[in-house]
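J.: the sequence and its predicted three-dimensional model are supplied below.
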Amino acid sequence: MLGECVRARVPVLAFDLGAQGERVPDLGVGRVVPVEDGAEGIAAALQTMLQEGRVPVVPPEAAARLPAAVVAAASLRELY
């Protein structure tokens, strides 16, 4: 899940689709790839990061913008 990655300060590479496609750039925690680029787009983005020698940095304040794990879990329980 995105929340776990952000809290662990692990950058995210995701498709520009749905909630992750919106939240990754909004939080500034990684990069998104157009879904129509498919797996090749993900591979190209990874290769670019390796060639540049720059992995996106997860800002420490990003985690503060996410709900606490217990709140997120309660929200999921309510859905089911």
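T.: Cool, the structure landed.
J.: what is the longest helix seen in the chain packed up against?
T.: Counting by DSSP state H, the longest helix found in the chain is helix 38-52. Helices and strands touching helix 38-52, by 3 or more C-beta pairs under 8 Å, 6 or more residues apart in numbering; DSSP states H and E, are strand 12-15, strand 30-33. Bear in mind the C-beta positions are built from the backbone N, C-alpha and C, glycine included.
J.: what average pLDDT does that helix get?
T.: In this model, helix 38-52 has a mean pLDDT of 93.
J.: go on, stretch 12-24?
T.: On average, stretch 12-24 scores 94.
J.: can you give me the buried ones in that stretch?
T.: Residues 12-16, 20-21, 23-24 are the ones in stretch 12-24 that count as buried (16 or more other C-beta atoms under 10 Å).
J.: ok, the residues you listed vs Val57, which is closest?
T.: Val12 (11.6 Å; C-beta to C-beta).
J.: my guess is that closest one meets Cys5, correct?
T.: Yes - here Val12 reaches Cys5: they are 5.2 Å apart, a contact under C-beta atoms under 8 Å.
J.: spit out the residues that contact these two alike.
T.: Taking C-beta atoms under 8 Å, 6 or more residues apart in numbering as the contact rule, Val12 and Cys5 both touch 29-30.
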